[in-house]
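Q: Kindly return the folded structure for what I paste below:
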Amino acid sequence: MFPFQLLNIFLVASKVQEEDSKYDPSLYKRGDLLEVPRTLFTHFGIYLGDNRVAHLIPDILPVISRNKSAIAKMVTNSRLILGVIAKAASVRVDSLVDFAYGSEILVNHMDTVCRQPPLDGDEVARRAEKLLGSITYSLLWYNCEHYVMYCRYGMAISYQTYRFCTAVRKTVCSRISAYLTALFGVGAMLFLGSATPLTILPTLLVPFTIWMAA
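A: Got it, this is the predicted structure:
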C-alpha cells in the first residue's frame with residue numbers, strides 16, 4: 001500500500017473519530033429536543049438514546065430510487081431541498097453525526113420558548129418512534145418543527161412558520177404594496193386601452209383591501 005493511501009486512511013479515521021467525540025451521546029437524554037442550523041432553516045429532532053435521533057426530513061431519493069442502502073445514508077442538502085420541492089419526506093432515525101450534518105447541536109432550547117411544559121422523556125421518544133415512516137411534507141403546515149413540537153409538548157406548531165408568515169403579511173399588507181398594486185392596475189388598463197367594470201373593480205378593490213389590512 002502506498003504512503004499517500006495510508007495517509008488518506010489515517011485522515012479519514014481521524015475525521016470520523018473527531019466527529020464521534022464532537023457528538024457525545026452521554027450529553028443527551030432520551031426525549032431531548034435537538035436542533036441544528038441547516039441550509040436556510042433550523043432542523044429539529046428527538047433523541048431516542050443509544051446515539052439515535054428521530055427526525056422528519058425532506059428527501060427526494062425515495063421518490064426516484066428503491067436502493068435502501070443509498071436512502072439510509074445521510075441526507076445531503078441537495079436531497080433535502082429537492083424533497084421540499086417534491087413535498088416528499090419521512091420520519092427516520094439517524095446517528096447524531098448524520099443528524100447534525102457538521103453543525104453544533106442545541107438541546108431543549110424550545111423549553112424556554114414554549115409555554116407548554118414538556119412531556120416525560122420516555123413519552124416524547126415513544127411519540128417520535130410511533131410516527132416513523134414516509135409522510136407528505138409541507139414547508140408551512142407540517143415540517144420538522146411541527147413534528148418535534150407535537151412529540152415533546154403535545155401540539156404541532158412551528159415558530160419558524162409563524163415568523164415567516166408574519167414577515168410575508170407585513171410585506172404584502174403594506175401601504176407601499178397598496179400603492180404599487182394600484183399603479184400596476186392603472187398601467188394595465190392604460191396598456192389594454194379598456195376601462196370596464198371588470199377591470200376597474202379589481203384595480204380599486206385589491207389596493208383598497210391591502211390598504212385597510214396594513
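Q: tell me which residues of stretch 112-127 are tucked away?
A: Across stretch 112-127, burial judged by 16 or more other Cβ atoms under 10 Å covers Cys114, Pro118, Leu119, Gly121, Val124, Ala125, Arg126, Arg127. Glycine gets a C-beta too; all of them are placed from N, C-alpha and C.
Q: now stretch 87-102
A: Buried residues in stretch 87-102 (16+ other Cβ under 10 Å): 88-101.
Q: quick one: which two of the buried residues of stretch 112-127 are the most distant?
A: Within these, Cys114 and Arg126 form the most distant pair, 19.3 Å apart (Cβ to Cβ).
Q: Give me the next element, helix or strand, following the helix or strand bottoming out on mean pLDDT in the chain.
A: Within the chain, no helix or strand scores below helix 3-22, which has a mean of 47 by mean pLDDT, DSSP states H and E. Using DSSP states H and E, the next helix or strand after helix 3-22 towards the C-terminus is strand 33-38.
Q: Show me what that next one pairs with in its sheet, parallel or antiparallel.
A: Here strand 33-38 has these sheet partners by DSSP bridges: strand 41-49 (antiparallel), strand 106-107 (antiparallel).
Q: would a markdown table of these with mean pLDDT and distance to Cys151 be doable?
A: Below are these laid out as a markdown table (pLDDT from 0 to 100; distance: least, Cβ to Cβ, whole Å):
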| stretch | mean pLDDT | distance to Cys151 |
| --- | --- | --- |
| strand 41-49 | 95 | 5 |
| strand 106-107 | 95 | 15 |
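Q: Would you mind saying which of those lies nearest Pro25?
A: With Cβ to Cβ, the closest approach to Pro25 among the strands paired with strand 33-38 belongs to strand 41-49: 7.9 Å.
Q: the inter-axis angle of whichever helix or strand comes after that closest one versus strand 41-49?
A: Remark: after strand 41-49, the chain's next helix or strand is strand 52-58, criterion DSSP H and E. Here the directions of strand 52-58 and strand 41-49 differ by 150 degrees (axes from the mean of the first three to the mean of the last three Cα atoms, to 10 degrees).
Q: got the buried residues for strand 52-58?
A: The neighbour-count check on strand 52-58 (16+ other Cβ under 10 Å) flags Arg52, Val53, Ala54, His55, Leu56, Ile57, Pro58 as buried.
Q: CA atoms of it as PDB?
A: Output of strand 52-58 as PDB, limited to C-alpha atoms (Å, rounded to 0.1, in the frame of the first residue of the first chain):
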ATOM      1  CA  ARG A  52     -30.100   7.600  17.600                       C
ATOM      2  CA  VAL A  53     -32.200  10.700  16.600                       C
ATOM      3  CA  ALA A  54     -35.600  10.600  15.100                       C
ATOM      4  CA  HIS A  55     -36.300  13.500  12.800                       C
ATOM      5  CA  LEU A  56     -38.600  14.500  10.000                       C
ATOM      6  CA  ILE A  57     -36.600  15.400   6.900                       C
ATOM      7  CA  PRO A  58     -37.500  16.000   3.300                       C
END
